[in-house]
Structure formats: structure tokens, C-alpha cells
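Colleague: Here's my sequence, what's the structure:
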Amino acid sequence: MEIKQYYLSCLSHASYMVTDQATRSAVVIDPQRDVDEYLQDARAGGVEIKDIVLTHFHADFVSGHLELQKRTGAPISLGAKANPEYAFQARSEGDVLQYGDTRLQVLETPGHTPEAISLVVYEGATPKAVLTGDTLFAGDVGRPDLAVSQGVTVDELAGQLYDSLGKLTQLPDDTRVYPAHGPGSLCGSGDTTARYSSIGREKAENPMLQTADKATFVQAIQQDLPELPAYFPRDAAMNKANHADLAETIANASVPLAFDRVLEMQQAGAQVLDVRMPDDFAAGHLKDAQNVGLDGRFAQFAGSLLDPHQALVVIAPPGREEETIMRLGRVGFENVAGYLQGEVPAEHRVPQERLTANQLHEQSKWILDVRSDAEWKAAHIEGAHHIPLAELPARLQEVPREQEVTVHCASGYRSSMAASLLARQGYVGVTDLYGGIAAWQQAGLPTVTG
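Modeller: Numbering: from 1, shown residues only. Predicted coordinates:
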């Protein structure tokens, strides 16, 4: 028996293929939307993918269960409480998927979502691992506030999660824990520390497993939940629906556009997304373009800052246009109308003004910190105003238009996105702190905590 983890660091997403070597049979759990890697590995190993399982309806990405079913014919399994638009096999407590000596047994583990399940992987009679979805992470647990629109309260989900975790911790201590997310995921309530763990380690070290009773747990898990990106509810809905095939989406969007056509589309209301990294964007970009650097947590921030219903034109480094379209498709953006062929002409480029830490310290600016709550509490510039980047589109009214605004984050990646968002919303004179708060601290300038 073999368990292979596939990890997308830009989304902190882990998926799995469990293979029984004797029967050359495999099951894929929580697949990403671009499914070629699973198919390539199956072909290379002479393995047939016989089942596809979603541990729950994911909110932070669009799953590839429909794409994988289309290419393999394998059935899709979900928890019995799921109610998708497509045909599926409802899996209840104790149900088994058997491949030779490899057995996956279902545990119903609601709490993160009502339909959530986990899969205990046995080789013979011995449990080797448990695929926990977003119920139990390494060092964290799933947040209980993503499915409240389904007629269940956060308190109810949190209570269910407490019971589900109690069920998982009954497994042997040496049972490997393979979650659906790793460090950086917003699907958890705190800080995920690794991509996998063990039941014994989580019982000893996971702070959410140390609470004295259910009431304490229900209260504790609702404290300091991270900001919720706007695209999460839409992706969860897409995972319940018969969404489009990603390959078709990419083909339809891969249209080269002349610069004049890009200008026409922008003037007609299309969003322009420039995916170059901040240094290149700051050197010169098309006016009112939104920057989200491709070499980072691109999909998460693009999903937070862009409108999925408004036409979108991509400006990407040469040869990375299709990658951009595919990564947008991972979070359900199917509104790409094409990409700029060539470069923005020099006469149409505008720079992003940047300040050094010392320059900012010497000037009177309205400072906007777009880092997370945890980063802000650890250290921030005195007098700065805090709006996490994912919340900025909904809180623009808090940013004054009559004052000069300087944006910063940790290093400059997120602040470039925030500055470009403000610019395309009509703010003028916006500056970006070069190097972020890291440069501020390296210059020996003061910060405060709390």
C-alpha cells in the first residue's frame, strides 16, 4: 500500500492517491482541479483509479472530482449528508472502500462542514493513516464558520467538531494524520504547522485538543478566526454543482489580444490583472491594472481582490499566460477573456511610487498595514491603520481619499496588490513601503505590539 501526497503550496492544499500495489488499484482523495498529475502517475505505475473521494465541499479551491471522473469514469464519493447536483455515492459511518489488502473505512466527522468525513487507511487489520480532510490538521483543527448558510450555527458546528476530534483521537497514536491543508491555509482556526502528523503528536501538542470540555472548545475555536476571502462561498457552491471542465475553460480563455484591444476592453469595464512581481509592476504598468504576483499565494489573493463576474484580461510574463489562467481556474475564475500579446507600450506605462523606510519615517502619511491580525499584533508601526488585504475591497470607505496613503505588508508582495487596488478605485498619490515592515525594522525604526 502506498499513500502519495500532492501539495499545492500556493493554496496550502494537500490531496492524496492511495494505491494498492497488489491489485494495481487506486483512489484519489480531495483532488485539485488540474488533474493531469494523478493521471500521469497512474499511467506510469500501471494503476487504475477506481474511486474519487471528497472529504467535504471545499471552500478555498474548486476540486477536480468532475474533471477526474470525466477522464477515468470512476465514481465520486461524499459523506451521506452531502447533496450535490451530480451523481455520487453516499458514504456513511463504517462504509468501506476495499482494494486487495488496502481498506479505507469511513468516519463521519462533521464540524468544519456538516457532510465532512475522514478515511482511516488500513493495510490488513492495522490502521496506518487517517485522511482527515479539514477536520484535523497538523497543529490545528478546521474552522466551524464556513457552512453556517446551510441552516446550522457556528456553535452547533463547533460542538460537532469537538465530537469528531474525540472520535479521531481514539485511533492508535502511531496512526499518520494526512490533512487536506498545510501551513498558510485559511480553513483552520489557528496556525497549521506541517503537512502531516500523527494522532499521538496531535494529542500531545495540538492546542485545540487540550481544551477541558466541549463548552470551552466551542468558545475557544471561535476566537481570532482569520479573515474569510470573498471567493470561499462561491467555490463551495461550485463544488456542489456541475461546474465546467478546467481544460475547456483554459482553451476558451487562451486568446492573445493586441494592446489596442486590451485598452478597448478595459474602457468597457474589463478588469486587467498584471501578474508580474512587485518590482516589475512598480517599474511600469498599465494604468488601473490590478497587481497580484504569480510567484506567491496568487490564487488566494486574486480570488479575494477580483470580481468573478466581470471580464478579466491577463498581463503575464511571456510563456506564463496559460499557467495564470489555470491557476485562476483553481479558485473558480472562469471569466478570463484573453491575455495581452506582447508588452504594454512605454507611453502607456505608469510607475508605482515607493518609499524607503527612512523616507516614510520622515514624512506624514496615512499608513495602511494590510497584513494579517497575527502579524499586526506581533509588531506594527505606531499610528498605522490595519485592514487585512482580503478585507480591503469591502472596507475601502475606511481609507481616506483626502490624505496621502502609504501601504505596507511584511515584505512588499501584498502591499503592491493593495496599492494597485486603491489606484484602480480612484485613489491618487498612493505610495508603497519598499521592503515592508521588515525593511522598517532593519532600519532600526520603532514598532509597537498588541
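Colleague: Residue 143: neighbour count?
Modeller: Residue 143 has 26 neighbours, counted by other Cβ atoms under 10 Å. Backbone N, C-alpha and C define where each C-beta goes, glycine included.
Colleague: That one against residue 225, yeah?
Modeller: Yes. Counting by Cβ atoms under 8 Å, residue 143 touches residue 225, with 5.7 Å between them.
Colleague: for this structure, longest helix please?
Modeller: helix 154-168 (DSSP state H).
Colleague: Could you report the pLDDT at the closest residue to residue 394 other than its chain neighbours?
Modeller: Excluding the flanking residues, the one nearest residue 394 by Cβ to Cβ, 6 or more residues apart in numbering is residue 230, at 7.4 Å. Model confidence at residue 230, expressed as pLDDT, equals 85.
Colleague: residue contacts, residue 230?
Modeller: By Cβ atoms under 8 Å, 6 or more residues apart in numbering, the contact set of residue 230 is 303, 304, 390, 393, 394.
Colleague: Go through those residues and name the one nearest residue 268.
Modeller: Residue 268 has its nearest neighbour among the contacts of residue 230 in residue 393, at 21.2 Å by Cβ to Cβ.
Colleague: And for the closest one, the neighbour number?
Modeller: Residue 393, neighbours per other Cβ under 10 Å, totals 15.
Colleague: what about the nearest residue to it once chain neighbours are set aside, distance to residue 421?
Modeller: Leaving aside its sequence neighbours, residue 393 sits nearest to residue 305 (Cβ to Cβ, 6+ apart; 6.2 Å). Computed as Cβ to Cβ, to the nearest Å, the residue 305 to residue 421 distance reads 6 Å.
Colleague: Could you pull out the helices in the stretch 251-400 of the chain for me?
Modeller: Per DSSP state H, counting those that start in this stretch, the stretch 251-400 of the chain carries helices over the ranges 259-267, 278-283, 298-305, 321-329, 357-362, 373-378.
Colleague: Among those, show me which one is buried the most.
Modeller: A comparison of these by mean neighbour count, using mean count of other Cβ atoms under 10 Å, puts helix 298-305 on top with a mean of 24.
Colleague: Pull the residues that contact that helix.
Modeller: 10-11, 60-61, 186, 229-231, 235, 273, 275, 290, 292, 327-328, 330-333, 389-390, 392-393, 414, 417, 421.
Colleague: Take those and, keeping just the buried ones, write it as a ChimeraX select command.
Modeller: Listed next is the ChimeraX selection for buried residues among those, using 16 or more other Cβ atoms under 10 Å:
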select :10,11,60,61,186,229,230,231,235,273,275,290,292,327,328,330,331,332,333,389,390,392,414,417,421
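Colleague: just to revisit the earlier point, could you tell me which residues touch both of residue 305 and residue 421?
Modeller: Common neighbours of residue 305 and residue 421 (Cβ under 8 Å, 6+ apart) are 290, 392, 393.
Colleague: dump the residue contacts of residue 282.
Modeller: 351, 352, 354, 416, 432.
Colleague: out of the residues you listed, which are buried?
Modeller: For the contacts of residue 282, a burial check counting by 16+ other Cβ under 10 Å picks out 352, 354, 416, 432.
Colleague: From residue 65, how far out is residue 304?
Modeller: For residue 304, the distance to residue 65 - Cβ to Cβ - is 24 Å.
Colleague: ditto for residue 241
Modeller: Where residue 65 is concerned, residue 241 sits at a distance of 12 Å (Cβ to Cβ).
Colleague: More neighbours: those two, which one.
Modeller: Higher neighbour count among residue 241 and residue 65: residue 65, with 27 against 13, using other Cβ under 10 Å.
Colleague: Local confidence estimate at the more buried one?
Modeller: pLDDT, read off for residue 65, is 98.
Colleague: Could you double-check that it sits in contact with residue 54?
Modeller: Yes. Residue 65 is within contact range of residue 54, at 5.6 Å (criterion: Cβ under 8 Å).
Colleague: Find the residues that touch each one of those two.
Modeller: 76, 239.
Colleague: which residues in the stretch 51-200 of the chain form strands?
Modeller: Shown for the stretch 51-200 of the chain, the strands assigned by DSSP state E, counting those that start in this stretch span residues 76-79, 89-91, 96-99, 102-108, 117-123, 126-133, 176-179, 197-198.
Colleague: Counting by contacts, list what the shortest one packs against.
Modeller: Meaning strand 197-198. strand 176-179 (3 or more Cβ pairs under 8 Å, 6 or more residues apart in numbering; DSSP states H and E).
Colleague: Kindly report the same for the second one.
Modeller: For strand 89-91, the helices and strands in contact under the criterion 3+ Cβ pairs under 8 Å, 6+ apart are strand 76-79.
Colleague: Identify the residues contacting the strand it packs on?
Modeller: 51-56, 65-66, 69, 84, 86-92, 97, 106, 108, 110, 115-117.
Colleague: Just the buried ones from these?
Modeller: So, by 16+ other Cβ under 10 Å, the buried ones in the contacts of strand 76-79 are 51-56, 65-66, 69, 84, 88, 91, 97, 106, 108, 110, 115-117.
Colleague: Restricted to helices, list those.
Modeller: 65, 66, 69.
Colleague: nearest to residue 136, of those?
Modeller: Looking across those and measuring by Cβ to Cβ, the closest to residue 136 is residue 65, at 21.6 Å.
Colleague: show me the contacts for the closest one.
Modeller: With Cβ under 8 Å, 6+ apart, residue 65 has these contacts: 31, 52, 54, 76, 239.
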